[in-house]
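Chemist: have a look at this fold, sequence not included:
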């Protein structure tokens, strides 16, 4: 099967492409309207600022199409790193006169600056963290045992509906959302493609969900 990756023009996607290839999936990194219109499943990636990721889709004229594919056509979609953040209603990373940027609005959430309360934790948050499942689902089934995943981020998602939260990490004495799952929508703040076997297993579970449809 071929998996369609939305080219947000917000980062180098080489490691993500390699990650899917390692689990036997052919990928098409594209901004082409027709390719996205025909997509059976979407991946929204990104390693950059919220504003840049949204601008990349807007400049290509695919923002409304991506929203339609996810919210109306209900195709399986996973956002990774910045890609998960773009699924939220708003973000605040990037240049904007009101310092608030409209996202895809798929998940009822805001993306805000990650703040450290003690000197033991730094921003950006870079490194390996144990990811704790908050509910059983596709990404974190009941058989999931806590694994460590690689994180690189300075912003984080705050969900208004706790039922959307799939997993968290403990950061500076509090829980931070690092994964979401709602119907056909999935997301990972961390980088599964850089998280060795645990990350590849997670991507495989997403692909298995697609194939089952």
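Modeler: Cool, got the structure. What you see is a predicted model; the values in this text were computed from it and never measured.
Chemist: quick one: the helices in this protein, in order.
Modeler: Taking DSSP state H as the test, the helices found in the chain are 14-22, 33-37, 50-60, 63-71, 82-85, 196-211.
Chemist: what residue in the protein is the furthest from its centre?
Modeler: Most distant from the centre of the chain: residue 119, at 27.8 Å, with distances by CA atoms, centre = their mean.
Chemist: point out the most buried one among the helices of the chain.
Modeler: Stretch with highest mean neighbour count among these: helix 82-85 (a mean of 28; mean count of other CB atoms under 10 Å). (Glycine included, C-beta is placed from N, CA and C.)
Chemist: in JSON lines, list the helices of the chain along with mean pLDDT and distance to residue 189.
Modeler: Rendered in JSON lines, the data for these read as follows (pLDDT from 0 to 100; distance: least, CB to CB, whole Å):
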{"stretch": "helix 14-22", "mean pLDDT": "95", "distance to residue 189": "14"}
{"stretch": "helix 33-37", "mean pLDDT": "97", "distance to residue 189": "23"}
{"stretch": "helix 50-60", "mean pLDDT": "95", "distance to residue 189": "13"}
{"stretch": "helix 63-71", "mean pLDDT": "98", "distance to residue 189": "18"}
{"stretch": "helix 82-85", "mean pLDDT": "98", "distance to residue 189": "6"}
{"stretch": "helix 196-211", "mean pLDDT": "96", "distance to residue 189": "12"}
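Chemist: okay, these in a markdown table with distance to residue 174 next?
Modeler: Shown next, in a markdown table, are the helices of the chain (distance: least, CB to CB, whole Å):
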| stretch | distance to residue 174 |
| --- | --- |
| helix 14-22 | 29 |
| helix 33-37 | 37 |
| helix 50-60 | 22 |
| helix 63-71 | 29 |
| helix 82-85 | 18 |
| helix 196-211 | 23 |
